[in-house]
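S.K.: Sequence first, then the predicted structure, then my questions.
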Amino acid sequence: MKQNLIRWGLCMGITVVFQTAMAQETERKAAFDNYCQYALEASKPTDKAKEQAILSYRDYFSKNGYRKFKTGSKEWEKNVALLKADGTFSDLDDNSVGKTIDGNEANSGAVIVEALNRLWTISEAFKSGLLDIKRDAILWDKWQKSILHYGNIEIGRPNNSRRFHSSCFAVPTAAVNIYFCHLQLMDDIEQGRNKDKQLSAVCDMLKMLGLQAWTQPYRNDETDKNVVQIERFRNHVWWVGGNALGYRSLLPVAFMFRSVPMVDLLAEVCQRAISATSQNTYSESFWNEGFTADGAGWGHGKQCLIWGYPIDGTLNALNMMSMLKGSPWEQKLTRENINALMNYFRGGNYYYYKGYNLPCLDRYSMSYKPEASDIRYTGMLNQLQNDWKEYFTAEELQEIKQLYAESREKSIRMKKYESSYNGTRWFFNNDDLIKKNDRYHIMVNMASVRCDGLESATGFADNYNFYTADGATFFQKSGNEYRKAFGAYDVTAFPGVTAREGMDKLTPVTNWRGYCSKHNFAAAATLGDENAVAGFIFEKMNGSDKDGVNDRGDNAMKNPILYGVKAYKSYFMLGDYMVALGAGITNKQPNQEGNIRTTIDQTERFGKVYIYEGDGIEWTVQQGKFAYSAFPEYRERVHSVCEKKKTDWLKMNLDNKNKRNLPVEVDIFCMWIDHGKAPVNDTYGYVVYAGEGLPARKYPFEVLRNDTLVQAVRSSDKKVLEAVFYTEGEELKANGLSLSVSSPCTVLVKEETNSYVFSVTDACMNSSLKEIELVFNGKTIQVPMSQDMFCGKPTIKHINK
């Protein structure tokens, strides 16, 4: 094999590197063996048309940089001044390699990344003619030594999980761009026209570094033996979604190697990646992250990281497919691809309001971002309407064009497509119920064992994402109600959450799976209009304690304050009102300090806060925003406060250290119900009014039941009934009403002129459950349950009176 490689010029001079290597010889040998393996595979004759196409793409990348990094300025001059004769940079310490930077272990190769990025700028200067190999021969020699020096350190690093961001994203990107800056020289080396041993070693080293886009981090499974296979890009958090296609320089490295098999594989991966997954199809889906069947998306496990990994993976899949159009690797968009995209555009719009992403959808929620921005998928919309329009129906293409136009205005209304972009929607793969219209936005972020929480990462991201998926409710009219408030937030008082107070007792941790509920119960029923019902059983568990988690962080046995509270929590949307009920509230660890409380809201105070007296009820109103009312039986336990609080942005997220004009204080409004220190089977009830003007003097609804078996609310006109059944066989009875169910579920019943409309959702996402039987006012109704990837989706059924 080595003789063949030498004939191709691929191994010439490599011994220069290895003769100087003393430490980490095993890792260097592994890098060299990998290089030889894939170089040999690429050298085998294949399809002539594909081989010719590869030459065209190599020429393209020699003229067009891939993800340029400070290459358009005179940055190279500063870097040349720092480059010493032995190839090291005077201000970089080799002993710092392997140390964590900015708190992120994945960036432990930062010295190497910085060095290679500097060498990249110098390469761009050679490429553009600002430098000349002959005229600047001394610099050229130092540049080559530097590639070998820092490359040798990199390939000798331990092959463990710390070989992430730097080793598989940044290093290969710099290496492949450097290679293509000098393509003619690299070609001459590879074809044997240039016998320079040092330059040959540089060529080899750049390829070994570039190959890390395909090899690092090791999965420690069979795919490590052959990375050019479909299973390499499936069923692992490092090799799906954005971590697979979004941030790796896979395609240019494939052309760097002249590897037809690599490009063949990428074309297939890109096409198959544009699809959806779900809990019920988790093992069979091509990717178990990315788009979800409910219209949202997962990243880092089953987290609703809708604006990160799902977009980044799909967008770069489309980018690569666009680049391969007109080549032997051209792919078509299938109907499955189209359906996944359209479902994501419609669903994703619910997680964005008037120019702002909803709070708590990534690990930078506490990073201050006051400015409105386009919805994250705007670029994808533009690419589809420009490069892929032939695969969409005329109606779909018109919808994409309208959505793109409105996304550029930072206000998505889509009145022509009202039912797809406004109303209430249950995101069954993510435990989220969302209501969206022009006047206001409400999100209920529940929890179950079926989903992960939101990740935290000390040192470079949010420190306290501990309560964001515990039934958090966010009420917004402008889209930015919480952004400034987060700088002074008491995270133990997240809106809608029942928890033990004690922000001062929390310790920041890194937890890549967040926190969820240990119970398999969460559901919502909706007809898509203004009404909906949702409920879940809350009892916090650490998502990192689930089986099969390979990135547990440093959170074990920390923050006991988080645990030991149980509650049955439900939410009822009736017109402009949202009713919240709680039952079975129990402190299972009463020896811990701190009262248990249910927070109604904790938000920035924008206007006057005052009391409005109704008929036997009391409303706390924030002018121009929302009105809140605890039920009369809880009035003595209700507390509210308006206060100016000093912010501590660095405490919340160190990413704020580079932000300017951070608010130093914020005016906070907070309202909560106190359950005392040791509640047992306690309850609560409150309502939030989202409409214009003042709420009605009387509640326009009645609570039918609030316990650990059933929670139910009915509109005052008796036209809408909403219920959460926590167990089968229990009967709900009220004046002129009886309802029982055969399985735990949520039920919405709307009375129309000649019929009843039912929306029923299986709360346990039981894949073997084919139907739920209702007995409604003595009439038996069989409601079929959604199946396959749509298991957990509401089923709507019409019954004549």
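M.R.: Nice, thanks for sending it over.
S.K.: Mind pulling up the pLDDT for residue 10?
M.R.: According to the model's per-residue confidence, residue 10 sits at a pLDDT of 40.
S.K.: Please disregard the earlier target; I meant residue 17.
M.R.: So, for residue 17, pLDDT stands at 42.
S.K.: Please apply the same query to residue 134.
M.R.: According to the per-residue confidence, residue 134 scores 96 in pLDDT.
S.K.: Contact partners for residue 45?
M.R.: residue 51 (Cβ atoms under 8 Å, 6 or more residues apart in numbering). From N, CA and C alone the C-beta is placed, and that goes for glycine too.
S.K.: Now do the phi/psi pair for it.
M.R.: Note on residue 45: its backbone torsions stand at phi -60, psi 140 [degrees, to the nearest 10].
S.K.: if I look at it, how far off is residue 324?
M.R.: Look at residue 45 and residue 324: by Cβ to Cβ, to the nearest Å, they are 21 Å apart.
S.K.: Surely residue 642 is in a strand?
M.R.: Yes: assigned with DSSP: H, G, I helix; E, B strand; the rest coil, residue 642 falls within a strand.
S.K.: Pretty sure it sits against residue 609.
M.R.: Yes: Residue 642 is in contact with residue 609 according to Cβ atoms under 8 Å; the separation is 5.4 Å.
S.K.: what touches both of these two?
M.R.: residue 669.
S.K.: so residue 281 sits in a strand?
M.R.: No: going by three-state DSSP, the assignment for residue 281 is coil, not a strand.
S.K.: before we move on, the earlier item: would you mind telling me which of residue 642 and residue 609 has the busier surroundings?
M.R.: For the pair residue 642 and residue 609, the greater number of neighbours falls to residue 609 (18 against 14), based on other Cβ atoms under 10 Å.
S.K.: gap between residue 285 and residue 302?
M.R.: For residue 285, the distance to residue 302 (Cβ to Cβ) stands at 12 Å.
S.K.: quick one, which of the two is more surrounded?
M.R.: The residue with more neighbours, out of residue 285 and residue 302 and counting by other Cβ under 10 Å, is residue 302; that gives 27 against 22.
S.K.: list the contacts for the more buried one?
M.R.: Under the criterion of Cβ under 8 Å, 6+ apart, the contact list for residue 302 reads 279, 429, 430, 450, 451, 452.
S.K.: hang on, residue 775 packs against residue 738?
M.R.: Yes: with contact defined as Cβ under 8 Å, residue 775 reaches residue 738; the gap is 7.4 Å.
S.K.: what's the overlap in contacts for the two?
M.R.: If you check residue 775 and residue 738 against Cβ under 8 Å, 6+ apart, the residues they both contact are residue 731.
S.K.: Following element in sequence after the helix or strand hosting residue 175, please.
M.R.: Assignment of secondary structure by DSSP states H and E places residue 175 within helix 171-181. From helix 171-181 onward toward the C-terminus, using DSSP H and E, the following helix or strand is helix 183-190.
S.K.: That next one - contacts with which helices or strands?
M.R.: On a contact count with 3 or more Cβ pairs under 8 Å, 6 or more residues apart in numbering; DSSP states H and E, helix 183-190 meets helix 48-63, helix 197-215.
S.K.: Mind listing what's buried along that helix?
M.R.: For helix 183-190, the neighbour count (16 or more other Cβ atoms under 10 Å) marks 183, 185, 186, 187, 188, 189, 190 as buried.
S.K.: Return the distance of it from the chain's centre.
M.R.: Here helix 183-190 shows a centroid-to-chain-centroid distance of 41 Å under the convention Cα atoms, centre = their mean, to the nearest Å.
S.K.: Now for the spatially most central residue of the chain, which secondary structure element holds it?
M.R.: For the chain, the residue sitting closest to the mean C-alpha position, by Cα atoms, centre = their mean, is residue 305 at 1.8 Å. Under the criterion of DSSP H and E, residue 305 resides outside all helices and strands.
S.K.: got the phi/psi numbers for it?
M.R.: Residue torsions, per degrees, to the nearest 10, at residue 305 are phi -90, psi 60.
S.K.: just residue 783 next, same as before
M.R.: On the backbone of residue 783 - angles per degrees, to the nearest 10 - the values are phi -110, psi 110.
S.K.: count of neighbours near it?
M.R.: Applying other Cβ under 10 Å, I find that residue 783 has 22 neighbouring residues.
S.K.: Next up, the contacts around the spatially closest residue to it that is not a sequence neighbour.
M.R.: Leaving out its chain neighbours, the residue that sits closest to residue 783 by Cβ to Cβ, 6 or more residues apart in numbering is residue 760, at 4.6 Å. Under the criterion of Cβ under 8 Å, 6+ apart, the neighbours of residue 760 are 525, 741, 745-748, 772, 774, 783, 785, 794-795, 797.
S.K.: Are we agreed that residue 760 is in a strand?
M.R.: Yes: Residue 760: assigned to a strand according to three-state DSSP.
S.K.: bridging residues for it?
M.R.: Residue 760 forms beta bridges with residue 747, residue 795, as assigned by DSSP bridges.
S.K.: What separation is there between it and residue 284?
M.R.: If you measure residue 760 against residue 284 using Cβ to Cβ, the figure is 26 Å.
S.K.: before we move on, what about residue 395?
M.R.: Distance, residue 395 to residue 284, using Cβ to Cβ: 30 Å.
S.K.: Could you pull out the strands in the stretch 501-650 of the chain for me?
M.R.: 515-517, 522-526, 532-542, 565-574, 577-587, 596-604, 609-613, 618-622, 627-630, 638-646 (DSSP state E, counting those that start in this stretch).
S.K.: Can you convert the ones you listed into JSON lines and add a column each for mean pLDDT and distance to residue 148?
M.R.: Formatted as JSON lines, the entries for these read as follows, by pLDDT from 0 to 100; distance: least, Cβ to Cβ, whole Å:
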{"stretch": "strand 515-517", "mean pLDDT": "96", "distance to residue 148": "47"}
{"stretch": "strand 522-526", "mean pLDDT": "99", "distance to residue 148": "55"}
{"stretch": "strand 532-542", "mean pLDDT": "98", "distance to residue 148": "45"}
{"stretch": "strand 565-574", "mean pLDDT": "99", "distance to residue 148": "58"}
{"stretch": "strand 577-587", "mean pLDDT": "99", "distance to residue 148": "63"}
{"stretch": "strand 596-604", "mean pLDDT": "99", "distance to residue 148": "55"}
{"stretch": "strand 609-613", "mean pLDDT": "97", "distance to residue 148": "66"}
{"stretch": "strand 618-622", "mean pLDDT": "98", "distance to residue 148": "64"}
{"stretch": "strand 627-630", "mean pLDDT": "98", "distance to residue 148": "66"}
{"stretch": "strand 638-646", "mean pLDDT": "98", "distance to residue 148": "52"}
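S.K.: among the ones you listed, which is nearest residue 28?
M.R.: Between residue 28 and these, the tightest spacing by Cβ to Cβ is seen for strand 532-542, at 38.3 Å.
S.K.: Which other helices and strands does that closest one contact?
M.R.: Applying 3+ Cβ pairs under 8 Å, 6+ apart, one finds that strand 532-542 makes contact with strand 423-427, strand 432-436, strand 515-517, strand 522-526, strand 565-574, strand 720-725, strand 745-751.
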